[in-house]
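Visitor: model this:
(chains A and B)
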Amino acid sequence: MTTEPKTTAPLGRVIVITSGKGGVGKTTSAAAISAGLAKQGFKTVVIDFDVGLRNLDMIMGCERRVVFDFINVIQGDAKLKQALIKDKRLDTLSILPTSQTRDKDALTKEGVEQILTELKAEFDYIVCDSPAGIERGAQMAMYFADEAVVVTNPEVSSVRDSDRVLGLLSSQTRRAETEGAEPIKAQVLLTRYDQERVDKGEMMTIEDVLEILAVPLLGVIPESKAVLKASNVGTPVVLDEPSAASRAYEDAVSRLTGTQVEMRIVGERRPGLFQRLFGRAS
Amino acid sequence: MSLFSFIRKPHPAKTAQTAKDRLQILLAHERSSGAAEADYLPMLQRDIVAAIRKHVPIGEQDVEVRIERGDQMSSLEINIELPATVPSKAG
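Guide: Just a heads-up that it's a prediction; the model follows:
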C-alpha cells in the first residue's frame, strides 16, 4: 500500500454504487471501496444519497461527528467544506453524510451537480452510495456518474433488479443523454457469494450471473463473517482485520483503478488445526 | 474451537456489544431531539457568524463547527479563524 503525494490535478471521477434491490451490500461496498481507494493514496469522498435513512455514517464509524449534511449544503445552510467529515484513520478519505430528517425531494439535480463539480476539483474519486429502489434518490446518485458498480447477489430478485438498473444507467443518466458522450462504465460486483453452495448447485455461478447481465465483472466478494463484524464497530471492511472479504474488496478496488488483478475466488474457510499449527503454506 | 485456538485468538470478539452500544447512543440522540436537531446547527452557526461580524470581519468559511456525541454528554467545538490583521478598534 503506497501513499504517493499527488501533485497533478485530481482525477475527479464519479462512481455510483447501486443495485436496485435493498440489502445486497451497497453501503458496505461503498464504504469498502472508498476506504480502499483512499488507502491506495487517492483522495476520496463517499456521499450518502439515502436521504432520510442515513446509514453510511454508522458503517464508516463517524455517526457521532455529523454536524452538517448533504442537504444542508444543497439548501445553502452550510458550506461543503463544513459538511465533509474527515476520516480519522485515513487522511485521504472524507465522508459526506446525508440528512436523517428530510426526504428525497430535497435532492435537486442542480444542487447535486454543483456539489459534485466542487468535489471533482479536489478529489480523485467521488463515490456515491445509492439508496435502494429506482426513485429520486437512486436517480440522483447515478445521474452524474462516470462509472457504476452494480452490487448483485447471486439470487433471482437481485439479478433482476440489477438488470433494471443497468437499463437506467444506459438511458436515464447525463452520459446517456449527452450525444457523443462515452456511456457509463458499468461493472458488476457480486457479493455474498458462497462457493460451497455454488458447488452443491444451490447458488447461481459467477458465469450464470454474468451471462444474464452481460456486463464486466469487477469482483466477487465471498459471504464473510468479517462484514458484520466490521459494521458492528463502524470500520470499513478493508480497514479491519484481513479477511476473505477484505482481500476481495482490495482486488476490486485495484481493478477499479485500472490495475489487472487475477480473479481469485476465496471462500471463508476456517483453517484446520494442522494448518493453524504448521502455518498455511498453500 | 480447537484446543489450541486460544493461542491465536488473544482477544475475544465482542463486536456485537460494540454495535449495541453505538446504536443506543445514536438512537438516544435521534429520539430525543428528532427533527429539531438537524436544523438548529445551521442557525446556530449563522448566529455565531453574525455576532462575531459585529466586531471582526470574518467569512462564512472561517467558522468550523464540530460535534462529538457521547452517552453522558456531547461536546460542541467551534473554531473561528480570525483574519491576520484584526482592527484595533471596532466600529
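Visitor: State the three-state secondary structure for the most centrally placed residue in chain B.
Guide: Geometric centre of chain B, nearest residue: B:Ile67, 1.2 Å, by C-alpha atoms, centre = their mean. Three-state call for B:Ile67 (DSSP: H, G, I helix; E, B strand; the rest coil): strand.
Visitor: List the beta-bridge partners for it.
Guide: B:Leu76 (DSSP bridges).
Visitor: Would you check that it makes contact with B:Met73?
Guide: No: here B:Ile67 does not reach B:Met73: they are 11.5 Å apart, not a contact under C-beta atoms under 8 Å. C-betas here are computed from N, CA, C, even on glycine.
Visitor: What is the burial count for A:Arg160?
Guide: 15 (other C-beta atoms under 10 Å in any protein chain shown).
Visitor: Shouldn't it be within a helix?
Guide: Yes: counting by three-state DSSP, A:Arg160 falls inside a helix.
Visitor: what's it in contact with, if anything?
Guide: Applying C-beta atoms under 8 Å, 6 or more residues apart in numbering or on different chains to A:Arg160 gives no contacts.
Visitor: That one and chain B, how far apart?
Guide: For A:Arg160, the distance to chain B equals 31 Å [C-beta to the nearest C-beta, to the nearest Å].
Visitor: can you pull the pLDDT of that residue?
Guide: Per-residue pLDDT puts A:Arg160 at 95.
Visitor: next one: the one 3 residues further on
Guide: At A:Asp163, the pLDDT value in this model is 96.
Visitor: ok, it touching A:Leu213?
Guide: Yes: taking contacts as C-beta under 8 Å, A:Asp163 lies within contact range of A:Leu213: 6.0 Å.
Visitor: of the two, who's got more company?
Guide: Ranked by neighbour count (other C-beta under 10 Å), A:Asp163 and A:Leu213 place A:Leu213 first, with 21 against 16.
Visitor: Neighbours of B:Asn79, how many?
Guide: The burial count for B:Asn79: 9, using other C-beta under 10 Å.
Visitor: That one is in what secondary structure piece?
Guide: strand B:75-80 (DSSP states H and E).
Visitor: Give me the helices and strands touching that strand, please.
Guide: helix B:35-53, strand B:63-68 (3 or more C-beta pairs under 8 Å, 6 or more residues apart in numbering or on different chains; DSSP states H and E).
Visitor: quick one, what contacts A:Asp105?
Guide: A:Arg136.
Visitor: and it, backbone torsions?
Guide: The phi/psi pair for A:Asp105 (degrees, to the nearest 10) reads phi -70, psi -20.
Visitor: Same check on B:Pro57?
Guide: The phi/psi pair for B:Pro57 (degrees, to the nearest 10) is phi -70, psi 110.
Visitor: out of everything not next to it in sequence, what's closest to it?
Guide: B:Pro83 (6.3 Å; C-beta to C-beta, 6 or more residues apart in numbering or on different chains).
Visitor: Pull the number of nearby residues for the one you found.
Guide: The tally of other residues near B:Pro83 (other C-beta under 10 Å) stands at 11.
Visitor: Can you check my assumption that it lies in a helix?
Guide: No: looking at B:Pro83 with three-state DSSP, it is coil, so not inside a helix.
Visitor: and it, how far is that from A:Glu202?
Guide: 67 Å (C-beta to C-beta, to the nearest Å).
Visitor: Equivalent analysis for B:Leu26, please.
Guide: Applying C-beta to C-beta, the value for B:Leu26 to A:Glu202 is 37 Å.
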